[in-house]
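Colleague: after the sequence you'll find the predicted model.
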Amino acid sequence: MPHESRLIVPALLSVLLSAPVFAADYAQAPGSSLAFAGRYQGEVFIGKFPGFNTRFSFDPKQLAGSKLEVAIPLATASTGNADYDGELRGNAFFNSAAFPHAKYVATKFRALGGGRYAADGTLSLRGVNKPVTLEFTWTPGAKPVLSGKATVKRLDFGVGGGDWADTTLIPDAIAISTKVVFAPAK
């Protein structure tokens, strides 16, 4: 073997073995849900965001390359109560005519142990950007599943202003839960 070949082969192997590992890319599949829950005058209400869309790049062994993006169409917010839904989509809450979408983007991930992770991201809602952490479990497989929870302080985003800012009527903290079924992105 010529002298140059003996040097090139180890150098090439070193480059290939040190190349960054990229996270797998996933797109949301049917069976996914995004919900919110709170209380109104002591009564629990639960709502959903049909039509939300999630894209995820994730490898539990390489968290630095992970990214989560969720687009949330606010006009689809539904509690199953027509009065609540009209108010929710209106100016005092989501103001979906002026702000049709909310967006959550996370690029910093932490392992919490026991198959649990935290995504530290930014929620953009009603023109306000604030940090929100989503804690989740990851179930790998042919159709992997992210199951997560977060808490959003609605008043930080101007959701429920005016008379609705009274936290004895509706608490500031709103619970968010999601189950996202994924398929490989195309």
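Modeller: Received, thanks. Remember, predicted model here, so these are calculated numbers, not experimental data.

Colleague: rest of the way, CA atoms for contacts and neighbours
Modeller: Will do.

Colleague: give the helix, strand or coil label for Phe109.
Modeller: Secondary structure, DSSP: H, G, I helix; E, B strand; the rest coil: Phe109 is strand.

Colleague: repeat for Tyr84
Modeller: Going by three-state DSSP: Tyr84 is helix.

Colleague: these two touch, right, Ser33 and Lys149?
Modeller: No: contact criterion CA atoms under 8 Å: Ser33 and Lys149 do not qualify, at 11.9 Å.

Colleague: what do the two both touch?
Modeller: Thr178 (CA atoms under 8 Å, 6 or more residues apart in numbering).

Colleague: what about the nearest residue to Pro184 once chain neighbours are set aside, how many neighbours?
Modeller: Closest residue to Pro184 apart from its sequence neighbours, by CA to CA, 6 or more residues apart in numbering: Tyr26 at 4.5 Å. Neighbourhood size, Tyr26 [other CA atoms under 10 Å]: 20.

Colleague: element containing Tyr26?
Modeller: Here Tyr26, judged by DSSP states H and E, is contained in strand 24-28.

Colleague: partners of that strand in the sheet?
Modeller: strand 53-58 (antiparallel), strand 173-184 (antiparallel) (DSSP bridges).
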